[in-house]
Structure formats: C-alpha cells, structure tokens
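**Q** Turn this into a model:
(chains A and B)
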Amino acid sequence: MATSNPSVFLLTVNGQIEGADFPEYDNLYCKYCYVYGHDWAITTGLEEGITQITCKSSLSQTLVWNFPLETSFKSTNPSGWPQLVVSVYGPDVFGNDVVRGYGATHVPITPGQHTRTIPMFVPEPTWKLQKLTGWLLGRRPEYTDPKVVAQGEGREVTRVRSQGFVTVSFHITTKDMKKMGYDTGPCNLQTAASVDQPCTF
Amino acid sequence: MKDTEDSEEDSGETLKRTLRAQRQRRRRKLLEQSSVKESQHDDEDEEEVSAVQDQSVKEEPAEKTVALRPPSGSRRGYSLKPLPVSSSQKLDTFVTRHLEEKLRAARFKGESLQQEKEVSADPASRLQSLRGRDRVTRFDRETDSVKAEEDDVSVALSARVKFKEAAKRVNQGLPTANEAYNFFTFNFEPEPAEETEELRRKKRKQKETTEKDRDEDEGEEPEEDDKEDSQDPNENQSEETRLVPTEEDLFIIDQSARDFLEVKKAEYVGVKKRAARDSELLFTPSFRKAPTSVKLPENVKPRFIEDEGLYVGKRPSVSFTNETILENRLLKMEEGLEWFGDDGRILALPDPIKESSTRPPLFSMEGDLNPAIQTVFRKAQKSKYAADPEGDYQLDVEVFGLVFSHHPLFSREHVLASRLCQLYHQYLTRQQNNLTGHLTDKLNGLRNALGNMMKIHREESLTLSLQQRISEYSLEVRDTRQLRDSEQEKDRTLLKNIIKVWKEIKALREFQKFTNTPYKLLLRKENVDPASDQQEYEEEIQAEVMELEAEKEEDYQRSLAEYRKQLEEWKLWRKKQKAKRKKKKKKKKSQKLEDTTEDEDEEQEGSELEGPEDGPPKPQPPERPDFDAIEQQVKEKASKIRRKPGEAVLIPVLSASGNITDSELCPRVEVSRRQEVLRHSLFIKILCNDKKVSKTDSRPLGTDFRVHFGQIFNLRIITCPQSINLQVFEDTGSSSSLLAQVFVPAPEPSVVTGSASLEDFEFSSNQRVMFDHEGVGSDVPLSFEADGSNKVVLLTSGKLTCGVSWGVGDDDVPLAPSASQHPGVKHSGLGHLDAVTSIGASGLYDMKKIGEWAKQSRLDPNDPKNASIMQLLKVASSGEVTAPEYFRLEHLQEEFNFVTDEELDNSRRFRLLRLRNQGVKEFRNYKFIPALENEISDKVFQEYERRLKDGETVDTREHLDSHRALVAKYLQKIQESVMNRLLFAKHRFLLSDLVVEEEIPSIGNKVPVLLKAEKLDSLEHPRQNVRERDRADVNHMLKILGINLFKLTEPKRPLKPQRKERKKVTAQNLSDGDVKLLVNIIRAYDIPVRRPQSDKAGQSSQPAIHGSDWYLNQVQVRPFVEVSFQRTVLQTTTADGPNPSWNEELQLPFSAPNGDYSTSNLQSVKDEVFINIFDEMLHETGVNDKERGPSIHTQVEKHWLGSVRIPFSTIYSQSRIDGTFKVNTPAVLLGYSKERSHGANSGYDLLRSVSEGAFITLFITIEPQLVPGEPVREKIKELKFDSQEHERLLQAAEKFERKAAKRYPDRPCITTVIDLNGKTVFITRYIRPLNPPPEFLEAFPNNPQEATTLVARFVSLIPSLPDQVSFSGVCDLWTTCNQFLTLLAGDEEEHAVLLCNYFLSLGKRAWLIIGTAIPEGSTAYVLTHEQSRYLIWNPSSGQFYGQYDTFCPLQAVGCLVDADNVWFNIQEYASPMRMSFDVSKRKLWKPFFSGSFPHPGLSSVQPEELVYSRTDEAAAAELQDRIEKTLKDKIMEWRPRHPTRWNRYCNTTLKQFLPKLEQSRGQDVAEGHRHELQRLLGDYRVRVTAAQTHTESVEANTNRHVFPPDLRIPAAHVLLRDPTRHRGRVQHRRPQHPRIQRGVRPGCALLVDVRDVSLKAFQRRGFVRAGGRGEFAQPGRQLLQGEIGDLLTSRQIQVLQRTTSSKKRPAGITTIKKYIYCIKTTVLPHSLWEISSKNNL
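**A** Down below sits the predicted model:
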C-alpha cells in the first residue's frame, strides 16, 4: 500500500520483556500494557499481556521472562506517544500476591534496536503501622491503575520506594513518519548504535 | 634378650647342642608341669588325678620322641630371620636345620595328637605362656613379628581366636584355673580335628617342598606367609606353634624354666609419675591468665596508649581463653616477650573486618556487572574536535612587558614620578579627545542657531512649534554649557595637579640630593593675543550671563504663576473658613451667651491655629532673581575654571631625558635599595584553563621598574580556552613569589596574529612589603608632607602589556574556533546580532549593557534597522539615561510561537486539538484527529457551533413545552458551570485516587460489601447486619490489630465465611458485557390476593362465594417477579400465596452508554431497574375447537400487581441495594383485594395498618463492583467554595462535620451546603415557615390532619430529579424552595426542605432529618412531632411513618436541622426505632450552636412567602386533548394492522370515576367505588389499575419510549427504545398466545387520568380495561413516564407560561414566583381507543 499521501503513520514495536533484576524477590511475573494518547490506536498485536512466573536459579540471579512484545500502532499525531507500562507482581513471605514494582518507559521514537532498563518502584504505605499490617496481611498499597505511572498528574501525592529493574528490548520500525513531516531518525548511524543506555527518569 | 639371642646366634653350632639339651630338659619339665597343672585344675576328683597321672605316664614315650627330635631352637632362627644375620652360610644351614626341625616337630605333633587324647591341653598351656610372654615382651616388642601383636589385639574377637590363644598357652605354660576352666567349657570340638588335619597336610607339603628345593627356601617363606593370610586359622596356628618355641628358646638361653615362666604383675606407671615424665616433654598451656608482670620486661609498668588519648584500633575479637592460651604459649617461648605490647597484651593489628560492606552491591542482569559500572569497550576515536577541520587551533600569547605603577622598591621619588606619569597620560588622552573644544563648538553652534531663530522670528509672533523648539534649544544650551564647564574645570585641575606634582619632585630632588628618575617636565607657553582673548572671555561671560538671566527670569515667571494660583486657592479656602467660623459663632452665641468673650478668644485662637494647620499655607511670593549676583557668579566661576584672559596657554611636556645620579653619590639607604632592585627579577607563567602552559624567561627588574619580555607563545589547543591567565612572579634570588594574576579574555575569532594589538592589563597586589631602606614598600602608609599628614597607602600595581590572538595557518586560515564554540557567545552565531540572546532579556532595560553590546557587535549606525538602537545609545551616552516607563510582559513569547496566532485560529486541526484539550463536550473523546488539515471537514464543528449559537435560543420542538425547555437549559448551564468548576478539582488528586491502600480503620468490617457467594446468607437478616455493623464500629478501633492478626491464622476456606470486601474495579478496563446487575428477589409480603371472579359484576359481591371454604380452595394469588433493565427482561418462577418467597438471583447485563465506563458517565446513567410483580392466572378455556376434537386449552395471563423502580444511579453510588421495599401498587386493582388473607385477625389490624401495602425484599448489586464517584464528592469539599458565611462559622461547621465523621462515620452530617450559585450556605438558612397553597388549608378547614397529608402529597408530586444525575454526581446542590418550584425538579433534600417549611407554617414542630434510607442512600426526611409522637415523612412519596414503624425506609438518622440549630445524633443507635428524638437531651444530641458558640442570627435564604396562581383550565383542557391525541396516534401507530376503535362509554364512565380517585389521594379505593365502576362498565369485565408517577425525565424524546401495542405484553417492555424493534418482538410473541388472542372480545380501553394538583405537581393515572375474557394490560408507571408524562408536564407548563406572560405584560417585570402554583384536582378522563378485535384477531 504505497500511497504517496499517507494520512497516518505506523509504529511497529517488536521486542521483549527480557527480564528483571529484583535482588530480594523471586517467583515474579510481569504485566504490561501500553498507554497512548487519543490519536493513537493499536492495529495489530496485544495491547496488554501477562508473563509467566519465573524463578531465579542458583546460577543466575536474574529473572528471565523473554516475553515477546509485538504491537503496531497507527497514529496521526506524535502527541501521546505510546508508553510501555510494566508492573511486576509476586508472592510475599506469606504467599500473598503483592506488587513488586511499577515502571514505565516511552517506546523509543527512533527506529532501530534499543534496550531499556526500567527502574521499578512501589507506592509506600502512608504510615508505619500500615506498613506493618500491610506486610502481615499481604495487602500492600497499589496503584488504582498501573497506568498512573505513565502520567504525571497527581503523582505528587504519592511516595514510592525503588525496587529493582526490568529490562526491555525494543525493535522499532516506523512507516510514513517522514512523509508526514516527523523526522525521528538518528542524525547518523553512529549515534543510533550508541543509544543503548539505561533510560533515566 | 635380643642381645642374648644375637650372641647365641654368633656362638654358632657349638652352642646348639647345649641348647638342644636344655630345650629337651625344659620340654620335659613343661610337660610335667602341664600335667600337674591339669591335675590341679581338673576337678578335685582323685580319680581324675590318677587318670591324669596315667596319662602323664603314657606321655612318656611321646616325650621321648620329642627328645629325639631336633631341637626346636633352630626355629628361633626362623623367627629371627628378619633380623640382620651375620653370614648367609650360617643362615643357610641354619634354615635347613630349622626346616627339618619343623618337619620333625610337625610329625611329632601329629603323632602325639593321634596318640594323646588331651591334645587340647597344649593350647591351654600355650595360652598361658603367651600371656606371660606378652607381658614380658611388652617393652622389647621390636623383635616380635607383627603377627603376634595382631593376635594380641584380636584376643577377644572370636571364639576361634580364643581357642588359638588357649592352644598357645597350652604350649607355653600352665594355664590358671580359670583359664583352664574357660578352655574346657569352650566348645572347640570340631576345630581341633580339622586343624590338626590341615596342619598335618600342610606340614607334609612343606616337607615336600623343602625336600625338593632347599635353595628356594628363602623364597618359599613369603609364600607361606601369603598362604597364612588365606588360610587364616591354620596358619595362625602354625605360626603360633612356631613362635612359641622360639620364645621359649630365647628364654632358655640364660634362664631356667622357672625364671622364664615368672608371672609378673601388670606393669603400671602411676599417673603422677607419668605426668611428671610427660611434663618433661609436653607443655600444656594453662587457661589461667598470666599476670601482667610476667608479660612485661622487669620493672616496667603497663602503659595503656588508649588512656593517653591516642587512637588504638579495635582489636579483632578473640575468645578470652584462646587469648590466654596463646599468651601462655608465648610466655613459654624464649623470645615470647616480643609479642607483648606495652599494655601487657598481645600485639594485634586493628580489626580489618568492616562492619558493613563498603563495596556497593552489584545487581547484574547477566550475572556479571551492573551495566552502569560495566566496562564498555569503545573504539579509540579522535576527539570530536579533531573531527572538526578547524579543531586544531593555535593561540598566540604575546607577553610584551610589564610596567610597575607602584612597586615596594619604589623610592619616594619614584612614587611621585609615577604619579606624574599618570597625570601626564591623563592629560594627553584628554588633549586627544579635546572634549572641551568639542563642547565649546557645540555650544557656540547652538547659541548661533538660537540667536538666528530669535532674530528671524523677532517680529512675528512665535508659533507654538517654534516656541517649543526654542525652549528645547535653550535647554540643550544649558546642558551643554554645564558639561563644558565641568570639562573645563577638569582640564584646569589636571594641569594644576601636574604642575604641583612636578614641583614636589623637584623639591624632593633638592632635598635628597640625588635623582632617581629621569623625568623632566617642561611647560611650554603659548602666548595669545591678550586683547582678543580678553574680548572672547568677556563675550563668553556675557553670553552666559544673558542665558542665565533668561533662565532665571523664566523660572521666576513660572514660580510667580504658581504663586498666584496657590494664592487664589488660599483665598478661597480662607473665605470658606470665615463663613464657617461665622456659623459657628452664631451657634455658639445662641447656645452660650455668657461665654462670648471666651468664644471670641477661642475663635481667635482657632483662626490662628486653623490657618496654618488645616488649610493650605499662605504662599510666599517668589523672589525676583538678582541679576547682578548672576554676573558675579559667572565671573567667579570663569576665573576658577578658565584660563585668565591674556594668560599664556601652558602645555606640559614630560620627557625622560634627565640623568639619574650614580649609586656612588647616593646615601647608603638608597644604595641598598638599588641593590635590592637589581636582585629582583620577574617572570610570567601562562596558564590556559588553569593549567600551566608555559613560562617566560626571568628578566631582571630594571631601575625604571619596567620589564621587557617580548616573548610569543604559541598554544596548540583543541577547544576554545575558558580562561587565559598570566601569573606574574617575582624572583628575589632565592625564592619566587606570586605577585599578581592577570586574566586575559579569549580573543574573538577574528583577532588573529598580526592584526592584534597589544593591550595593557592592570594588575595589583595587596601584599604588604616593608623595607628598612629607601624603598617605600607596599601597603604601607606614606606621606610626602613634612608633618606626616595626608598619608597615602600604595599597593603594588602595574600594567602588563600582552596580546592574545589566534594563530594563522599556512593557508592563511585563522586557527580559531568557530564562533559557536566561543564561550562568550555560546548561544548562537547570531549572538552578536540578536540583542536578547547576547545580553539576556533582563539586559534590555540596562542601557549600559545595550551600549556594550552595540559596541561589541559593531552595529552599523547607518543601517535603518538599527536606527532606534542608535538613538537609544545616543541618549544613553548623553548621560541622561532614563529607564523606560513601561515593561513588556512575556516579550519573548513570540520566539516560542511556532505558528502565528492567526494560523492557529484558522487551522481546523489546531482548533480541534485545542477544543479537545479544553475538554469541550463534543470533542472530549475525539479520536484520531487527522494529521492533515484537509482531512478535517467543517462538519466536525457544525454541532459544536450550533450549540454555541443555540445556547440562548430555546428549542421548543424537542421539549413540547417552552418552560420545560427553559428549565432544562438552565439546568444544563448550571451543570456546565459546576463542571467547569470541578474540572479544576478533578485534576487535584488525593492519595486515594492513585494508590489503593488498606486504610487501617477499614480493614475490619466497616464497609462490608458482599461477596457474591455469601450474598444469600447475609440477605436473610439485613437489619441484623446493620446492627452488627454498628456494634462492630464501636469496638472497632480496639480490634483492628487483633482481628487482623487473627486473620493470619484463619483457615483459607472457612466453613462459615466472613464478609470480605470485594475488590473494586476501575472503570477504565471495562467493556460491554463485563458488568452485570445482580438482582436477588428474596420474598414479598402482603401481595394483593384475587377476588372471586364471576362473569357478571353483580355476582362478585355474593357473600356465599366469600366463604372461608372458598378461600381455602382457591388459589389466592400466584405471583412472580419480572425484572427489566435496559433491554433485558428476566423473570422468576411463580410462587404461591400472598407472602411468596422466591430467593432467586437474576443477572441482567449492563452496558454503559457509548461504551464509556468512566465514573462520570456511569453516574449520569439514567436507566432504571423495574421490578414488576405479576399474578399468573391460568384459564382453562375448555373445548372450543370442534374440528380438531375435544381439547383443553389453557390461557396464561399476567396480571400486573405492582412495581418497584430503582434508578441505576442509586445502585451505582451505593454499590448495593439491600432491604425491603414497598411495592408501588395501583390505586385500584380490580379483581384483587388488598385485604389480608383469612389469617388476619382483628387484633393485628391495628399493627398491620401501619404497614399498608405490599413489600418486597430485594438485594441488588453490580458485579463486579464499580468504583463509585465518591472521591469527587470528597474533593468538592476540599475545594473552598466562596461563601458569604462568616469565616468563623465555616470553620466551626467544618470542625463539627469532621468530628462527627470521625466518631460516627456512617451517620451523615451536613452543616453547610452548596447553593445553585456554588456558594457555601449554612443549612439552617434553608428552614423557614413557608405558606402552602391556600387551597389545601381551605379544603379541610376542620381537619388539619387532612391538610397535612394533602400538603405532603403536593410536595411528593413534584418531580424528583436526583442531583447525581443532573450534575454527574459531582456535588449536591441545594435550591431554595423558590428555585425548586421554578425548576420543577429537585431531589430529596429539596422536597424535604419544602415539606418541612410547609409543616412549620402549619404550626407543627418539624425538623429536617439528614440520614440514610433505602433505597435513596443518604437523603433527607422530615420529622414532625404530633400528639406526643414522632412522625417521619418521606417527602418524595408523601408517606409518613411512625417512629416505631418497621417498614420505615429511613435506616439511620445522622442529624436534625431546624431553623435555629443542627443536632448531631450521638446516641448509641442511629435507627429511628431505637433512638430518642428529644433534641433537648445533650447526651443524645450534640447541638451545633451551643452556649460557647451561640446562633449568630442567620437570615434565611428562603423568600418570605410563596405566591401561587391558579391553573388556567382552558389551557389544561387543551393539554389534555393534545395528550389524548398523541396517545391515540401512538397506539394506532403501534398497531398498524388493526383498526383501533375508541369506546366512548368507557370514557364517560371513567370521567366520573377518576375525580373520586384523586379525592382519596391514591389510597385504596373504597369498595363502593369499585362496585360503581363495575356497574358502570357492566358489560365488560373490567380490571382497572391506577398508577401514579412523576415526571422524572427532563429529557423528552418523544420517539424513545414506546408503549406496547399488544396489551397483554406487560409494561416492562415499555422502555424498549426502538419501536421497530419492539414491534418485532411483539410479533414474535404472538404465536405463543393464539388462544388468548382469539378469545378477546372487543373493548380494551386505556384510560388515562390526568389530574392536576398543581402545574408543577400532577398526577396521571392509567386505567386499562380489558374487555371480554378479562385480558388486559396496564401501562403502569412506565407508560406514563415517557413521552406522555412529558406531554402533560410540558403542556401544563405551557399554560403556566401563558399565565405568566399575561401577567408580565401589565406588570412590566414580574417575578417568576407568580406562576408557581395553580390548583384544582381536575380529573381529565380520556377515552383513548377501543380495540375491536372481533374479526381481525
């Protein structure tokens, strides 16, 4: 479909949630979903998913999911660029399923291969006693919606604690973006290759 | 022993004989002994002894044979064979012999064994001997073979071994009695024989081998040893046999047999002895701590470094015992003391183990390092500057020289000389600029111009512009003159100073008699023409005087004018004062005649006082300027600043041509100074970016204090340097010190070597230097005056001449970085051209900065673009810089605009994006705004624009009624404004909005929300649950932790599950079909029962049929429940009896409008759940089809009995509905009676009557639980609404509410509410007695009770519109009664307030109850106190309940409100049944206003009086017609295939009937009415239902609601929205009821009764009559609530509007209140149609 005047551009995200690094926890699984603006839609692929539960082995302390992401977006407007929101859950000492981390990252805008290490965090209980009871009962504070971490609004009321890292690799392909006047390509190939660095926010 | 053996060996064969003899002897003895021993040991029997003796006798021949045998001593050789042997020859012979002997011995043994029966005795003796030997040979065991030792060890191992030992002993010596006994009691039977057999065999073999091959004997032996291993018992035995004689032989050598067989005591070395012996060899360190003195050298006291305050590291922890052991060990050592420190402890390094890990933990993905600290390989690459072709820069730093303006080594003369130099320099520069001449010229020019102007226009009158110009000129002249004067003054003082300093130098030189500096000042005189000079001077003065005079004159005129003006004012004021005073005087006179004198005095004083104080001071007339003085002044000034006329012009010339006196002629101090100077040398270090780059050569300091370097340094750099620093160092022979630093700016890229000029950089140092010689030093006060005054402090300072420039490459390219890299102009290459980027926005107001910038950027002054700036700079440089009197806000805004505003406005895309961002309703959820402009059509905006345009106009078409439309618009506007207000609030988040957290108080069972599985269980006792909850709340705080900790131990699936909170689902991820409405129909009470039916109406009243038998036999009622919600209709099974129990759960799918499950959208869902109760009737129609043969047909009819309606918004906001509800039954149910069943006794009637009507118990919830919009409500409270209430009141109210909520979280407490304007109003302001319509009072003048109920009914008929629906649940707005009646809609609060106000005006004691009820949730009721009992009124239904009514829907009472106060319920229970309403009791009710905070007297927001007007009857009739017509049309439209005929007779009947219904106010129709009705409609079997409804729906879409054409299909289908679709359903259903259809007699009537209570509140009733067989259907409420309701309402409001408008005309402006009321219980029967189905069905 080679139209000279496209009305939408496409963004294909391939990749995988490679794994996580949670030094203290084990038996974790990960949920992911995308958050995007009004002018975006998913044409193919899963918008959200849940990985298998993975355990650490004695050899490697990393948690490996290797959960594939394969989604295509179409859009008319770069505003509201998709964000990948990951949230990690796992059992606590008493076997209750509690959240181990939330994190989000924008889908890289430049085509090519990218690796993102997403720092994860969880909301903190408002006071100590609650922390204790929460720990005992396995009811830790959670976000009403994991997608909260993809927005900036209202975050000032929360307090969070950092937990670990999730590593995601992306392979980005775009179509028709240049035709519509959005040039996201790297200035040269050299810099594109050196983009692989942990994202910071 | 060994020795003896050896010696024996050595002795050779000679000895052997003797040996043999001895052995024989010993053998004999041995045998004897053994026999003796045996006899001794064998039982004491003498016979036995004798027998033994016999044996011994028999042994004799054996003995002989033994003797014949070669002695076994040779075998000793064998046993000793491992030992070193002296000669092999001997050994050989010895071995052969030994073997022979062995053979012989074996033979002998075999014989003896055969002969003797007590062979076994031998082993015993051997054992004995073995033992003995063992003991003896313990210490010289080396000789023994290992085997023997092994045997010893394994003594006790087995019987066999024991046997062997025993055998040995037999051979060796006499066994003890015990041994013998043991021996004999052991069972060795089989073994000896075997053994001997083997032995014999072996011996034989041995013999053969030895005979065959003697040479190999030696090799044979080990083989035998091997064999021994394999043939264990045998070999051992044989070995023992061999061993024993050997030993015997050894002993035999020097001992007799007796000696040899000595039995020794076990050798035991005593413990002490052994310890003593051990102590020689072993050392056991003691556990005891060694005394410190031991550990230190003698006479040294322990020294504790720690106590001396020195740091001593922490010793590694070693257990005390271990330490002492080590200490003791060390003490034992020779050099042990070295290991001890001064404190007497072992030396120890500090503990190297850190408490915490100092290395950061490494988290790694790949099992190795964290990516952050991982080493990453990067290919070596050139610096990014290198990649730039211009990256290789060259900076040339030329250090030319250095001149000191002051140096510590300056002599006094130097100081003066340098000062002279400076002054001269200054003079030169001034001369060069020649400012004075410039200004003088300018002044002259201006004067000329002014003079010309004056001259030209002398005659003519000056025009205004000319005047302006003249004044401007004169102003400029004045300024220029002033400037010139100051310059002239400066020039003159400078000249004077130069001369003065020169004189000082000369004086100094005179004084000190030597010269240090070469300077000479020459003053060149230039003579001038004295006459002309004098003239010029005079002219100048004259001109100035004239100007000044003119100026002064002008000033004078101006001030004179000013004076006059002020004088006028003053006079005026004075006059007034006088007048006043006169008045006063008069007054005073009239008052106090006697005090006249005093008055006058006062007055005088007053005038004196008042004059200067109060009024404006009397202006002083300006003085006339003294023109003579001016001339004098000018002259004085001129003489001061100007050369005197005729005086020669002095031009100083400084030359350095003087001679310096030689050192020899100078005094000593001067000589030492000069020597000191010579010692000094200077060099300069060059630092680039604070890194030393290079250094100049060291140059000596010249006597003139000038240093010349003249060096150029080429710096190759890759980046533009941040700083270039030249450090001046002074080298005084031995040391060098930093004198000063000079920072040189990095040159512009355009400055290249060659073109660059050298620049002087001043430096100075504040170092203090003092000398004892002639040098003046630095930072030392210095005076040139004789008396030491006028001291000056001079600091080392000087000038460094250097140049910094960029080098030039080979190809003439400057080796300079591009401008962008330059630190000064980082922003952009355009930095120079753009003032803002160059100097920053704030700099725009700083003229100096602008000037600098203009200079730097070398603006082209001729460029018209820069004209304004140049002008600005001109002004700035003229010295009169004034900051602009305005400022620009966001002057940078334009820079950030990516398109112009116009473009932004015109672009459809941007507009769309903006509107969406603003949250405009139409575009809020607009997806995919196209990327390209042309893809957006204008249609997108059409609706929005139309809405904007139509905002004002009212669309009557949609609403059929202009007033209603107006109200709708009004509501919409309010809603919008509230929404806008809340848009802000919505973006303020609370923690609970973002984080789901178990709040501690709610962990328990505070908000028990049912799990689906446990629902039924809890439904059984809803009331009980409430009670339990209350109780739980009381103890809640205590239990929190305990309960929760218990939970840990709870079983995972308990048998009796506890309630657990359901997880709330956020709306975002829901879609259609996910959400379901769960309706549990539990049971119903008091369903109306069937009346006996008969064909004729007259028969129905026959008493015979009413007999109890009939009741028993007849099915009373078979009710079932049908629930309809949205498009789904579900029904329960059919139950029996008036108190059925279904216990069924129905699941109805829920879909939100537009699939939007956001909270706000869900809150505005207006759908309702209809729960209809039907009676299922079965009719057997009998045989009526003859063609097909006899058959029985059963007709199933559904008879509507009543309904309950629950809005979805209620369910949503409360998350569940749980309780018993009153069923809304029709007023008249023909064919049914509401009387109790036969079981109802008269005794119960009283109680029963309280709870009139049918009830149904329900539980409704949404699955999954949706998050209700509560947080928004909470947030609205946080928002501070502006209020007219006093701040203190608001604070108190907030505190009150907070406290209440804290203590009783489930009891609503409201003290302040928000009115329609969004302002906070205190609640009591709403309560005020208001008059009800007078007709109510007139209607029952004698019966106040009736009037009360009438009023309640009136209020209840006002349509109710929940705020949550209208305002998207964002907040609860309270309207005043006026607004309420105007809006025609309100929720419970408005109803309650109105009702309460009416009651108050009726003289009742009434309160507003704020509480919770079923199903409304938090609501408002009205409490009245009548005849010592409390009545609770439900304002929306007009019903009242006693306090102790079980079926009262009010569940909890939060607070009571009246006009003066608010009381909060602090009783134990909140249920009205269990509490007291006596508000005077402080323990039960907490008042808001109390002694400490009294009621501040709040005025009411309600009007004083409500004005009502009458209904226009004609208009009402018109409305009826219209309704009737619409209904008819609709019904016919629904039945397109069947003609519909309308029954007139029915109409008339109902016409008479309906008014009576209204009179009974919807209560049960008396029996009479029914009979009348039946009589009237005699021919038909009639079932009439009357329902009543409000107009809830403001939204009036006539096409939406559909009335079912097939009347047999119950009303539940009414709400189906799509008529076509519905029709399809109807057609689909028909085949199911063919029989019913066929049997219908024509005549089905729908009768609609419209009664107007008021125009606001009206009631409609639908009567349905089904003719023929009694089939009928009733529209129920649903029918009427749709468009019919709106029709009615709007119609009536039209009428109302009309009345208003008619009133408006005469009155001009009338309030809207006027038309609020019109009353007449008009019954408007409308016969609609008659269905004639005779033929067509």
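**Q** Leaving out sequence neighbours, find the closest residue to A:T173.
**A** A:T12 (4.3 Å; Cβ to Cβ, 6 or more residues apart in numbering or on different chains). Just so you know, the C-beta spots here come from the backbone N, C-alpha and C atoms, and that holds for glycine as well.
**Q** Contacts only, for the one you found.
**A** With Cβ atoms under 8 Å, 6 or more residues apart in numbering or on different chains as the criterion, the residues that contact A:T12 are A:71-73, A:172-175.
**Q** How confident was the prediction at it?
**A** In this prediction, A:T12 carries a pLDDT score of 93.
**Q** In whichever strand or helix holds it, which residues are buried?
**A** Secondary-structure element containing A:T12, defined by DSSP states H and E: strand A:9-21. Using 16 or more other Cβ atoms under 10 Å in any protein chain shown as the burial criterion, the residues of strand A:9-21 that qualify are A:9-21.
**Q** and the residues you listed, which two are the farthest apart?
**A** Taking Cβ to Cβ, the two most distant members of those are A:F9 and A:D21; they sit 34.5 Å apart.
**Q** Tell me the residue of chain A that sits nearest chain B?
**A** Checking chain A residue by residue against chain B with Cβ to the nearest Cβ singles out A:G154 as nearest, at 2.8 Å.
**Q** that's a strand at B:M1177, yeah?
**A** Yes. Under the criterion used here (DSSP: H, G, I helix; E, B strand; the rest coil), B:M1177 sits inside a strand.
**Q** I'd like to know how far the closest residue to it other than its chain neighbours sits from chain A.
**A** In space, not counting the residues next to it along the chain, B:M1177 is nearest to B:E1197; the distance is 4.2 Å by Cβ to Cβ, 6+ apart. Applying Cβ to the nearest Cβ, to the nearest Å, one obtains 51 Å for the distance of B:E1197 from chain A.
**Q** next one: B:K265
**A** Between B:K265 and chain A the computed distance is 66 Å (Cβ to the nearest Cβ).
**Q** Next, count neighbours for that residue.
**A** The tally of other residues near B:K265 (other Cβ atoms under 10 Å in any protein chain shown) stands at 6.
**Q** Assign it to helix, strand or coil.
**A** coil.
**Q** Let's see the pLDDT reported for it.
**A** In the predicted model, B:K265 carries a pLDDT score of 78.
**Q** got the phi/psi numbers for it?
**A** The main-chain torsion angles of B:K265 are listed as degrees, to the nearest 10 and equal phi -70, psi 150.
**Q** how far out from the middle of the chain is the biggest helix by length in chain A?
**A** For chain A, the helix with the greatest residue count under DSSP state H is helix A:128-137. Mean C-alpha position of helix A:128-137 versus that of the full chain (Cα atoms, centre = their mean, to the nearest Å) differs by 28 Å.
**Q** do stretch A:5-18 as well
**A** Taking Cα atoms, centre = their mean, one finds stretch A:5-18 lying 15 Å from the centre of the chain it belongs to.
**Q** And the host helix or strand of B:V940, what's buried?
**A** Here B:V940, judged by DSSP H and E, is contained in helix B:939-950. Applying a neighbour-count criterion of 16+ other Cβ under 10 Å, the buried positions in helix B:939-950 are B:940-941, B:944.
**Q** That one near chain A at all?
**A** No. Judged by Cβ under 8 Å from any Cβ of the partner chain, helix B:939-950 and chain A are separated, with a smallest distance of 14.0 Å.
**Q** which secondary structure elements does that helix contact?
**A** Helices and strands in packing contact with helix B:939-950 are listed as helix B:908-918; criterion 3 or more Cβ pairs under 8 Å, 6 or more residues apart in numbering or on different chains; DSSP states H and E.
**Q** Other residues contacting the helix it packs on?
**A** A:38, A:77, B:899, B:903-905, B:922-924, B:926, B:929-933, B:936, B:938, B:940-941, B:944.
**Q** Any idea which helix or strand in chain A has the lowest mean pLDDT?
**A** Evaluated with mean pLDDT, DSSP states H and E, the helix-and-strand set of chain A has its lowest mean pLDDT in helix A:189-193, which scores a mean of 43.
**Q** Share the number of residues neighbouring B:S1418, please.
**A** Neighbourhood size, B:S1418 [other Cβ under 10 Å]: 18.
**Q** so it makes contact with B:C1309?
**A** No. Contact status for B:S1418 versus B:C1309: not in contact, 10.4 Å apart, counting by Cβ atoms under 8 Å.
**Q** what is in contact with those two at once?
**A** Where contact means Cβ under 8 Å, 6+ apart, the residues bridging B:S1418 and B:C1309 through contact with each are B:I1410.
**Q** Count the residues that sit near B:R359.
**A** Under the criterion other Cβ under 10 Å, the count of neighbours that B:R359 has is 7.
**Q** just B:Q468 next, same as before
**A** B:Q468: 11 neighbours (other Cβ under 10 Å).
**Q** Kindly state the pLDDT recorded for it?
**A** Here the pLDDT value assigned to B:Q468 is 79.
**Q** again with the one 4 residues further on
**A** Among the per-residue scores, B:E472 holds a pLDDT of 81.
**Q** what about it, is that helix, strand or coil?
**A** Following three-state DSSP, we place B:E472 in the helix state.
**Q** What residues does the residue in chain B positioned nearest to chain A make contact with?
**A** Across chain B, the shortest distance to chain A (Cβ to the nearest Cβ) belongs to B:F989, at 2.8 Å. Listed by Cβ under 8 Å, 6+ apart, the contact set of B:F989 reads A:153-154, A:156-157.
**Q** Does A:G103 lie in a helix or a strand, and which?
**A** Mapping A:G103 onto the secondary structure by DSSP H and E places it in strand A:97-106.
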